Each structure stands twice: as structure tokens, then as C-alpha cells.
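**Q** Model the structure of this input:
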Amino acid sequence: MSEVHSVYLIPGMFGFAQLAGYDYFGHVRSAIERRYADAGKLVRIEVVAPPPTASLRYRARLLARAVHRTAGPGPIHLVGHSTGGIDVRLVLSSTRNLRIDPAELRWTERVASAVSINAPHYGTPLATYFTSVAGARVLYALSLLTVVSLSLGEPSLAIFSRVLAGLGSIDQVFGGDLRVISRATDVLLRFVDSDGRTAIHTYLNKIRLDQGALIQTTPEAMDLFNAATEDRGAVRYGSIATGAPPPGPSDLTKRVRSAYGAFSAALFATIHRFTAQQHQRYGYAPLVPATRERLSRSLGWTVNERTSDGVVPTLSMVWDRLLWCGAADHLDVLGHFHDEFRPTRHVDWLTSGADFARPQFWRMMDTLVRFQLDTRSPSDPPPGAHGSAPRPPEV
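**A** The predicted model follows:
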């Protein structure tokens, strides 16, 4: 009988397993299952969803225990989106101390691959902004908008748009009056059933209570993380990196078709602006020229330190082998993109202008599963074609 591959999906900030009836990794799960079936392989997929902004050690500890309880005897593959990609590196590192029984980590010896999707390996300036008073309001509002927009679905967004139109400008919502956000929360949650409202309130409370990951994914903190964390030699590490076009007034006008579109585009422009503010001392991945050129060619514009998916800088996403890259925002890569052919199935996150769609999503998932199964197509980068240049010696 064929061995069963165990694939674990780990969300990052704004992430969850299921919330208010919405399956966060639903598109990724179905794409992986189909590709394993096509390859004649058996697969079992689990989602491990820690509190969205809890500390990295706490997140990694929950991940370790979840895999220990559920993993079968076959190969194990870890896929982390955003902060989830950092959780994966931490739990696999030989230098980590998660304060748990060593027996709960024995499964790490059977991990075949670890893939990070849009993960902040070198930190993100947006995390620094979120730790400020104003940034905390934006984080709360962004988290609220994410879960409500995904759970409502496009048919309900017509009503949702009228609500947003009555809230005023983006500056009013993210200004100094917390009552505006509180009122927005109460109004928006009226469109969700009672069970969903309870789940969303619980989710938002977790963000309020523990924001350790925000501090720990700043560029300064990730500099220390990278100095103290070693990759496991037997594991194949791969990364997926994307970027969204820089928002501008003319682009915004072209993309906006509703009050919801105007609000979400303004919100995306706000977080994109803060993500573009690179730290002067702590840089991103030291890429080889071929990898930087590949990123620029795939995105369609020259990639630099200001390029991002709105949440994580593109140059911060590359770790070891670069598997796939292209134009997409932070949640497009999970299947949360606008699809005019299946508007009830693929629900967009924010208006970013990346124009990511099913063909790109399919190609990305093809590459991810081939990497897990250690098979290649002619278009894949050759073995050993790492995206990062050798790290300079410590001084």
C-alpha cells in the first residue's frame, strides 16, 4: 500500500482555520489534494491555526504538539503562509527551545519539505507600524475587514458597500476616535449570523490579548532570529514570493467600482505605504543577480526594497530555493482573489490591482506539490539554485 504524505498548513497574521463558515485554506487544500491524486499519491492535510498574532515560540509550540498528535508514519510536509513560514523554520531548527517534551519533536526527523509562502524571513516594516498606537487601530480594522469580507462573500458585498460608504474616509476610520472602529465593528457584524459573530469576536480578542508576533517579525527582531536559528540539513526548504503593483491615484480610480472597492483600495494603499519603509540598518535577502532578475521578470516591474505584497516586502520572502514568484497580494496566493467566473467561490481580500487569477494560482500550486514530491518539470529551477546568496561571514 502506498505511503501517506502528511501536509500541514499554518496560517500567519489574519489567518485562521475556519471562521464564520469560511475555510481559510480551502482553495489550497483542494489544489493539493487534486495534485496528489493526479500523481497517484495519498495525502492527508491538516490545518494548524495558532492565535493570529501570538509569539513565535508559542505558535511553534502549538504546531509541534499538533503534528506530534496527528502525524502518520509517512513523509511530513510543512507549508507556512506569512508568519506561519517563520513558525515552520523555528519548529525545525536544531537550536530552538520551545519548552516542551523532546518526544513531541521527534516527528521533525521525518519532515521532507518546508515551504514558506510570502513569509517575512527578514521582517516587515508593517509589523513595526502595527506596534504603534495608530498601527494597532489599523491592525484591528484590517483583521475585522479580512474576516468579514471573506465570510460574507461577494453577493453580500453590495450591502456591505453601503455600510462602508457611511463610515467616512479611511482617515476617519483610522483616526484618533476609537468609537468609529467600534461602531464599524458593530455594524459590520450584523451581516454575520450569531455563531459567526461570536467566533469573530473571539478571533479579534486574541489579537488584542497577544501581539508578540508583531514585535518578533520586525526587521530588528528577525535579524536576531536568523542569527540564532539554523535550518535542518535533511529538509528541503523552498519559498514563494510575490509583489503587488505600488498603488497610485490613477490606479485607484481605475480599480474602484463600489464603496467597498474604494475603502479596501484605500486600506491596501495605507498598509502598502508603511510596508515600503525599509529599515536603514536591517536589509533583506542578499539575492544572487539571477534571482533578482527572475523576480522582476515575473512581477513585470523592477523589484526593489519598496516592493511588497502589501504586508511583507518581496525581498524578505526569499528563503533557500525560490519555487515560484509573480504578481499577487498577501492573500491572493491562498486563493482569496477576485474571480469573475466563480465569484461565490473565490472571494477577494483587498483591492490591490495585482490581477492574480486561477491560472497563476494553479501554476503556483503545481510547483509547490512537485517540490513536496521531489519531482521537477523543465520550467522548475535546477536543484541547488538557491535564491539567496551565501551569507557573509560574521564580523
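**Q** which strands and helices sit next to the longest helix along the chain?
**A** Ranked by residue count and defined by DSSP state H, the top helix of the chain is helix 133-152. Helix 133-152 sits against strand 22-23, helix 125-130, helix 157-165, helix 178-188, helix 194-209, helix 259-275, with contacts defined as 3 or more Cβ pairs under 8 Å, 6 or more residues apart in numbering; DSSP states H and E. Backbone N, C-alpha and C define where each C-beta goes, glycine included.
**Q** I'd like the next helix or strand past the fifth one.
**A** Beyond helix 194-209 on the C-terminal side, the first helix or strand identified by DSSP states H and E is helix 212-216.
**Q** same check, this time on the longest one
**A** Note on helix 259-275: by DSSP H and E, the next helix or strand toward the C-terminus is helix 289-299.
**Q** Go ahead and name everything in contact with the helix or strand just after that next one.
**A** Next helix or strand after helix 289-299 toward the C-terminus (DSSP H and E): strand 321-327. Contact partners of strand 321-327, identified using Cβ atoms under 8 Å, 6 or more residues apart in numbering, comprise 115, 236-245, 291, 294-295, 298-300, 314, 354-356, 360, 363-364, 367-368, 371, 380-381, 385-387.
**Q** And strand 321-327, how far out from the chain middle?
**A** Between the centre of strand 321-327 and the centre of its host chain there is 14 Å, according to Cα atoms, centre = their mean, to the nearest Å.
**Q** before we move on, what about stretch 193-203?
**A** With Cα atoms, centre = their mean as the basis, stretch 193-203 stands 22 Å off its chain's centre.
**Q** Could you list the buried residues of it?
**A** Gly196, Arg197, Ala199, Ile200, Tyr203 (16 or more other Cβ atoms under 10 Å).
**Q** hang on, the last one packs against Leu144?
**A** No - with contact taken as Cβ atoms under 8 Å, Tyr203 and Leu144 are classed as non-touching, separated by 9.2 Å.
**Q** picking that back up, mind listing which of the contacts of strand 321-327 are in helices?
**A** Thr291, Arg294, Leu295, Ser298, Leu299, Gln360, Arg363, Met364, Thr367, Leu368, Phe371.
**Q** For ChimeraX, write a command that selects the buried ones of these.
**A** To isolate the buried members of those in ChimeraX, using 16+ other Cβ under 10 Å:
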select :291,294,295,298,299,360,364,367,368,371
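**Q** ok, which pair from the ones in helices among the contacts of strand 321-327 is furthest apart?
**A** Taking Cβ to Cβ as the measure, those span a maximum distance of 20.6 Å, between Leu299 and Phe371.
**Q** Format the ones in helices among the contacts of strand 321-327 as CSV; extra columns: distance to Ala17 and pLDDT.
**A** Converted to CSV, those look like this (distance: Cβ to Cβ, whole Å; pLDDT from 0 to 100):
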residue, distance to Ala17, pLDDT
Thr291, 33, 95
Arg294, 33, 97
Leu295, 31, 97
Ser298, 30, 97
Leu299, 30, 96
Gln360, 25, 96
Arg363, 26, 97
Met364, 21, 98
Thr367, 24, 98
Leu368, 19, 98
Phe371, 24, 98
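**Q** With distance to Pro75 as added columns, please give the ones in helices among the contacts of strand 321-327 in a markdown table.
**A** Below are the ones in helices among the contacts of strand 321-327 laid out as a markdown table (distance: Cβ to Cβ, whole Å):
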| residue | distance to Pro75 |
| --- | --- |
| Thr291 | 27 |
| Arg294 | 28 |
| Leu295 | 30 |
| Ser298 | 29 |
| Leu299 | 32 |
| Gln360 | 27 |
| Arg363 | 24 |
| Met364 | 21 |
| Thr367 | 18 |
| Leu368 | 15 |
| Phe371 | 13 |
